[in-house]
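Asker: The following comprises the amino acid sequence and a computationally predicted model.
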Amino acid sequence: MRTRVLVADPFAIFRAGLRNPLRREHDFTVVEAEDLRGIEKLVSARPPDIALIDLELPPIGGIAAVQWLDEHSRTRAIVLSFEPRREAVLAAVRAGARGYLRKDISPEGLVRALRGVMSGEAPLSRDLAALMVDAIQRLSDGEETRERLSGLSSRECEVLDHVALGQRNREIASELTISEFTVKRHVQNILGKLELRSRREAAAFYRAAQIDPAGVGLLR
Amino acid sequence: MSITGRRQPLVAVLYSVPLLCEAISSALDDIAEVRMFRASRGDTVGLLRSLRPDAVVVDHPREAAEAREWSEEREIPLVHINLRERKIGVLRAGDWEESAGAGRESIRNIIAGAMYARGGVGS
């Protein structure tokens, strides 16, 4: 039984580049789409086994196409792009992609990767695998930050915001129109809940959370 | 014979994306001899000078820039398939003209047309 591969890319000459090496092999058949609408048509007629999706597929990008495929079919989606960024690889995998390939892959590499997909592998070049590991680590750091921050009350979050700006208790008290004693108590609670030793550590933690949007979301 | 004395015109493809070779070679397989060279090897002009192709296809702006002067001087058709920006440019009279089509047939027509125009394809 032949593996049906959908090649989805708006640039016809690149689709031809993907199609030709697959058509030479006895175990693949290829269908093509130039945008999400084309994918929808082909999938509703007969879902392919694998879909190769351009990251910038019109009209709203390849990630949306992967999501659509994930929701409407059992097609294994593989995203392709030039110079993949960590965020793109992670977004693709989170949307349901089974793998991510560089567009400068060799024809032999492409054939090998697709055969691997059919036997349960997730195609990802070595450098992309490193990007993924990095992204997952950042994600788990973000989750830990989120969990720790979720224990703070909204007032404590406000106080922490000012602590991170380097303000003293008196200044914070004045800005929030509360007593200096109350600010001091809030700071002690913050340090206790976040398991930190000093306001300097609390400020650093907060700044790190600001870099990580997942963490800072709870403070806003 | 082509103007360089070969039975079929010679098209040099300087590529950075191997899959492009698949598309180009199938588009030109019965009208030209296609030779592929990995881009970024340096001395693009030296390569073209020794190869003396009837047309040049590149997929990277660096090779397009390097091949431009050589191509202009000899009136050799130069085609830049910019995969990142999804554009095909053809060097005509010193200016890059954007091609409307981007399919296999368009590539074939662009290259064959340019070679015919300078007598590179035929008997």
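Answerer: Looks like it arrived, so ask away. Residues are numbered from 1 along each chain as shown, chains lettered A, B, ... in the order given.

Asker: Next, count neighbours for residue A:46.
Answerer: Neighbours of residue A:46 under the rule other Cβ atoms under 10 Å in any protein chain shown: 9. (C-beta placed from N, C-alpha, C; glycine too.)

Asker: any idea what sits nearest it, other than its immediate chain neighbours?
Answerer: Excluding the flanking residues, the one nearest residue A:46 by Cβ to Cβ, 6 or more residues apart in numbering or on different chains is residue A:4, at 7.3 Å.

Asker: That neighbour: how many residues sit nearby?
Answerer: 17.

Asker: Who does it form a beta bridge with?
Answerer: residue A:29 (DSSP bridges).

Asker: Make sure it is actually in contact with residue A:45.
Answerer: No: in this structure, residue A:4 is not within contact of residue A:45 by Cβ atoms under 8 Å, at 11.0 Å.

Asker: Chain B against chain A: which residues are in contact?
Answerer: Within chain B, the positions adjacent to chain A are B:16-23, B:26-27, B:81, B:83-84, B:86, B:88, B:101-104, B:106-107 by Cβ under 8 Å from any Cβ of the partner chain.

Asker: among those, which ones are buried?
Answerer: Using 16 or more other Cβ atoms under 10 Å in any protein chain shown as the burial test, the residues of chain B next to chain A include B:16-23, B:26-27, B:81, B:83, B:86, B:88, B:102-104, B:106-107 as buried.

Asker: Counting only strands, which of the residues you listed make the cut?
Answerer: With DSSP state E as the criterion, strands contain B:81, B:88 from among those.

Asker: How confident is the prediction for the closest residue to chain A within chain B, by pLDDT?
Answerer: Here chain B gets closest to chain A at one residue, residue B:19, 3.4 Å apart by Cβ to the nearest Cβ. Note on residue B:19: pLDDT of 95.

Asker: Quick check: it touching residue A:109?
Answerer: No: the pair residue B:19 / residue A:109 is not scored as a contact, 9.7 Å apart, by Cβ under 8 Å.

Asker: Nearest residue to residue B:47 in space, please, no chain neighbours.
Answerer: residue B:37 (6.4 Å).

Asker: Double-check that the one you found belongs to a strand.
Answerer: Yes: counting by DSSP: H, G, I helix; E, B strand; the rest coil, residue B:37 is part of a strand.

Asker: In contact with it, which residues?
Answerer: Residue B:37 makes contact with B:12-15, B:47, according to Cβ atoms under 8 Å, 6 or more residues apart in numbering or on different chains.

Asker: Can you list which of those are found in helices?
Answerer: Judged by DSSP state H, helices contain the following of the contacts of residue B:37: residue B:47.

Asker: State the pair within the contacts of residue B:37 that is farthest apart.
Answerer: Greatest spatial distance among the contacts of residue B:37 (Cβ to Cβ): B:15 and B:47, at 12.7 Å.

Asker: Give me the more crowded residue out of those two.
Answerer: Between residue B:15 and residue B:47, residue B:15 has the larger neighbour count (other Cβ under 10 Å), namely 23 against 19.

Asker: Mind pulling up the pLDDT for that one?
Answerer: In the prediction, the pLDDT value recorded for residue B:15 is 95.

Asker: my guess is it contacts residue B:36, does it?
Answerer: Yes: look at residue B:15 against residue B:36 with Cβ under 8 Å: they come within range, at 6.1 Å.

Asker: who touches both of the two?
Answerer: Shared contacts of residue B:15 and residue B:36 (Cβ under 8 Å, 6+ apart): residue B:21.

Asker: helix or strand for residue A:13, which one?
Answerer: Element membership for residue A:13 (DSSP states H and E) is helix A:12-24.

Asker: buried sites along whichever strand or helix holds residue A:63?
Answerer: Counting by DSSP H and E, the element that carries residue A:63 is helix A:62-72. Within helix A:62-72, the residues scored as buried using 16+ other Cβ under 10 Å are A:62-63, A:65-70.

Asker: Kindly reformat the residues you listed as JSON lines and extend each row with pLDDT and distance to chain B.
Answerer: Converted to JSON lines, the buried residues of helix A:62-72 look like this (pLDDT from 0 to 100; distance: Cβ to the nearest Cβ, whole Å):
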{"residue": "A:62", "pLDDT": "96", "distance to chain B": "14"}
{"residue": "A:63", "pLDDT": "95", "distance to chain B": "18"}
{"residue": "A:65", "pLDDT": "97", "distance to chain B": "17"}
{"residue": "A:66", "pLDDT": "96", "distance to chain B": "20"}
{"residue": "A:67", "pLDDT": "95", "distance to chain B": "23"}
{"residue": "A:68", "pLDDT": "96", "distance to chain B": "22"}
{"residue": "A:69", "pLDDT": "97", "distance to chain B": "22"}
{"residue": "A:70", "pLDDT": "95", "distance to chain B": "25"}
